[in-house]
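Chemist: okay, here's the prediction I keep looking at, along with the sequence it came from:
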Amino acid sequence: MGKTIVVTGGAGFIGSNFVYYMLDKHPDYKIVCVDCLTYAGNLSTLKTALENPNFRFEKLNICDRAGVEKLFKEVKPDIVVNFAAESHVDRSIKTPGIFVDTNIKGTQTLMDLCRELEIPRFHQVSTDEVYGDLPLDRPDLFFTESTPIHASSPYSASKAGADLLVLAYHRTYQLPVTISRCSNNYGPYHFPEKLIPLMIINALHDQPLPVYGDGLNVRDWLYVEDHCKAIDLIIHDDRLGEVYNVGGHNEMANLDIVKLILKKLGKSEDLITFVADRKGHDRRYAIDPTKIKQQLGWFPETKFADGIEKTIDWYLSHEAWWQEIISGDYQNYYAKMYGGK
Ligand code: TDX
């Protein structure tokens, strides 16, 4: 029988990709999206989903206990998947408070309701940033699920706080939970404040490409659809209280990504501009995905060379989507964030 899945943060980057993935993969499921449409949530992202009778959208903040309770009582979800989060590290350095509210208190609100209403499953979408960073000169080191939590930024600390709370709810109340900690995602609907879309859009406008510090920081990039597939496998497996690292063994230095984008767009490397480094900038992230491979048979299908090509093509063919974003409040954000660098 078809399940009902509540997807919080479903108007954001990874959440919306998950909505589309699930509607396609499970045509008998009902997908209910909860999103309060902050700057990073965009209803035009869900335009096609909104035409699907199995999809429902509710504009709601996950911290709004009464609102979420009413919705949960009405739709009776089988699974709640929590993507809702403030996710941009640079913003967390300027305004940490909202990260604590949404990422920690919001998660707690959802779990309290799952407990009270006996919702059979809660899945928390987390990040590899909870493990802190790895040194560049130790390529043999990777994050495993037992790597100690060691967050660097207010963003990653808030995600780490939420993870600890999720595991505590499992141990204390036997709440049926799982957690996935994924490496950097890329693909369609990635908000233009993040590295890859920002560089694509600036390059298209022949604007400077602001590379933080020496540009040698390493991230482990995963095509967003592969992340969606991992979550789909986790939430359909019976093992509870488990944490899964999700990553594609695809480490790249920021500077190499930026050069690749310029090459693909036929633009000059003269656009690269080194700017002041991010405060507390994590050096390297690298995931060991052995557990999810062995237990659930997950593997990343999209090679970076293909994924980045698809992503650049997507931005070229969806200019209206990102133009609408960068023509609004984003301009003030950009001036504030990059003006002094
Ligand atoms: O203008 C920029 N210049 C630059 O050099 C920006 C926006 C970023 N960078 C660097 C900083 C990072 O080393 O690029 C790298 C990637 O930066 P982001 O896209 O901001 O991602 P990151 O900080 O790695 O965090 C991302 O991955 C983990 C997501 O934003 C998080 O939400 C996720 O948990």
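Modeler: Ah, there it is.

Chemist: hey, C-alpha coordinates of stretch 107-121 in PDB?
Modeler: Taking C-alpha atoms only, stretch 107-121 is exported to PDB below (Å, rounded to 0.1, in the frame of the first residue of the first chain):
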ATOM      1  CA  THR A 107      14.000  19.100  14.800                       C
ATOM      2  CA  GLN A 108      13.000  18.800  18.400                       C
ATOM      3  CA  THR A 109       9.500  20.000  17.600                       C
ATOM      4  CA  LEU A 110       9.100  17.500  14.800                       C
ATOM      5  CA  MET A 111      10.300  14.600  17.000                       C
ATOM      6  CA  ASP A 112       8.100  15.600  19.900                       C
ATOM      7  CA  LEU A 113       5.100  15.300  17.600                       C
ATOM      8  CA  CYS A 114       6.300  12.100  16.100                       C
ATOM      9  CA  ARG A 115       6.500  10.700  19.600                       C
ATOM     10  CA  GLU A 116       3.200  12.000  20.700                       C
ATOM     11  CA  LEU A 117       1.300  10.900  17.500                       C
ATOM     12  CA  GLU A 118       3.300   7.600  17.300                       C
ATOM     13  CA  ILE A 119       4.500   8.300  13.700                       C
ATOM     14  CA  PRO A 120       6.400   5.100  12.700                       C
ATOM     15  CA  ARG A 121       9.500   6.700  11.400                       C
END
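
Chemist: going forward can the numbers begin at 45, since that is how I track them
Modeler: Sure, I'll start counting at 45 from here, so that last one is stretch 151-165.

Chemist: run through who's touching it.
Modeler: 52, 106-109, 112-113, 116-117, 121-124, 126, 166, 168, 206, 209-210, 213, 217, 219-222, 279 (CB atoms under 8 Å, 6 or more residues apart in numbering). Bear in mind the C-beta positions are built from the backbone N, C-alpha and C, glycine included.

Chemist: so what does the helix or strand that contains D68 touch, helix or strand wise?
Modeler: Taking DSSP states H and E as the criterion, D68 maps to helix 57-69. Packing partners of helix 57-69 (3 or more CB pairs under 8 Å, 6 or more residues apart in numbering; DSSP states H and E): strand 48-52, strand 74-79, helix 268-279.

Chemist: quick check: buried residues in the helix ranked longest in the chain?
Modeler: Across the chain, the longest stretch assigned as helix under DSSP state H is helix 198-217. Within helix 198-217, the residues scored as buried using 16 or more other CB atoms under 10 Å are 198-207, 209-211, 213-214.

Chemist: if we can go back for a sec, residues of the helix holding D68 that come out buried?
Modeler: Applying 16+ other CB under 10 Å to helix 57-69 flags F57, I58, G59, S60, N61, F62, V63, Y64, Y65, M66, L67 as buried.

Chemist: go on, stretch 367-383?
Modeler: I369, I370, Y374, Y377, Y378, M381, Y382.

Chemist: next, the distance between the ends of it.
Modeler: 20 Å (CA to CA, to the nearest Å).

Chemist: is it up against the ligand anywhere?
Modeler: No. In terms of CB under 6 Å from any ligand atom, no part of stretch 367-383 sits within range of the ligand; the closest distance is 7.2 Å.

Chemist: what average pLDDT does that stretch get?
Modeler: Average pLDDT, stretch 367-383: 88.

Chemist: check the offset of that stretch from the chain's centre.
Modeler: 21 Å (CA atoms, centre = their mean, to the nearest Å).

Chemist: who's in contact with that stretch?
Modeler: Y83, N86, S88, D134, K138, F235, P236, E237, I245, P254, V319.

Chemist: what about 10 Å?
Modeler: 83-84, 86, 88-89, 132, 134-135, 137-138, 235-237, 241-242, 245-246, 249, 251-252, 254, 317, 319-320, 366 (CB atoms under 10 Å, 6 or more residues apart in numbering).

Chemist: contacting residues for the residue in the chain sticking out farthest from the centre?
Modeler: Among residues of the chain, the one most distant from the C-alpha centroid is D314; the distance is 30.7 Å, by CA atoms, centre = their mean. By CB under 10 Å, 6+ apart, the contact list for D314 reads D250, P252, L253, L306.

Chemist: closest to the ligand out of the residues you listed?
Modeler: If you rank the contacts of D314 by distance to the ligand using CB to the nearest ligand atom, L253 comes first, at 7.9 Å.

Chemist: what's the neighbour count on the closest one?
Modeler: A total of 24 residues lie near L253 under the criterion other CB atoms under 10 Å.

Chemist: could you do A110 as well?
Modeler: 7.

Chemist: just the element for it, please.
Modeler: helix 109-119.

Chemist: ok, back up a step: emit the ChimeraX select command for whichever of the contacts of stretch 151-165 are buried.
Modeler: In ChimeraX, a selection of the buried entries from the contacts of stretch 151-165 looks like this (16+ other CB under 10 Å):
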select :52,106,107,112,116,121,122,123,124,126,166,168,206,209,210,213,219,220,221,222,279
